[in-house]
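Colleague: Make a model of this:
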Amino acid sequence: MAQHFKDLVAWKKAIDLVAEVYRVTDNFPRREVYSLTDQMRRAAVSVPSNIAEGQAHHSHREFLRFLQHSAGSLAELETQLVIAERLGYGESRSIESVLQKVHEVGRIVGGLMASLRERTSSV
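Modeller: The predicted structure follows:
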């Protein structure tokens, strides 16, 4: 396991994703600030937060559980981005860029989960 959660590529990419979600949602209509904007930001922040908390437990099983929460937050965020795009919030190009980042983080988190599953099953 990495020495610190800040060393994990998944965490670093998830932090980049949070910043991008904040930038994109800044352009959403004001009426959405306490609904879709807030939900999207919370889902995005949840991804690196769960990676950090899980890694800090220093247990492969616990880390895997928290990575599953991160994966769930990524699915939630993807759904919300699709809704935002359908409603015409933000630029389609910007939303598509964030969706690509969601998929990238998802692949990295998925790989980390597979690696942890392999380690926990061989113990």
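Colleague: In the helix or strand bottoming out on mean pLDDT in the chain, which residues are buried?
Modeller: The weakest-scoring helix or strand in the chain, judged by mean pLDDT, DSSP states H and E, is helix 92-121 (a mean of 94). For helix 92-121, the neighbour count (16 or more other CB atoms under 10 Å) marks 94-95, 98, 101-102, 105-106, 108-109, 112-113, 116 as buried. Backbone N, C-alpha and C define where each C-beta goes, glycine included.
Colleague: What helices and strands are in contact with that helix?
Modeller: Taking 3 or more CB pairs under 8 Å, 6 or more residues apart in numbering; DSSP states H and E as contact, the helices and strands that helix 92-121 lies on are helix 9-25, helix 36-56, helix 60-86.
Colleague: Reformat those as JSON lines; add mean pLDDT, distance to residue 120 and mean neighbour count.
Modeller: Formatted as JSON lines, these follow (pLDDT from 0 to 100; distance: least, CB to CB, whole Å; neighbours: other CB atoms under 10 Å):
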{"stretch": "helix 9-25", "mean pLDDT": "97", "distance to residue 120": "17", "mean neighbour count": "19"}
{"stretch": "helix 36-56", "mean pLDDT": "97", "distance to residue 120": "13", "mean neighbour count": "21"}
{"stretch": "helix 60-86", "mean pLDDT": "97", "distance to residue 120": "5", "mean neighbour count": "18"}
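Colleague: Right, I'll leave it there.
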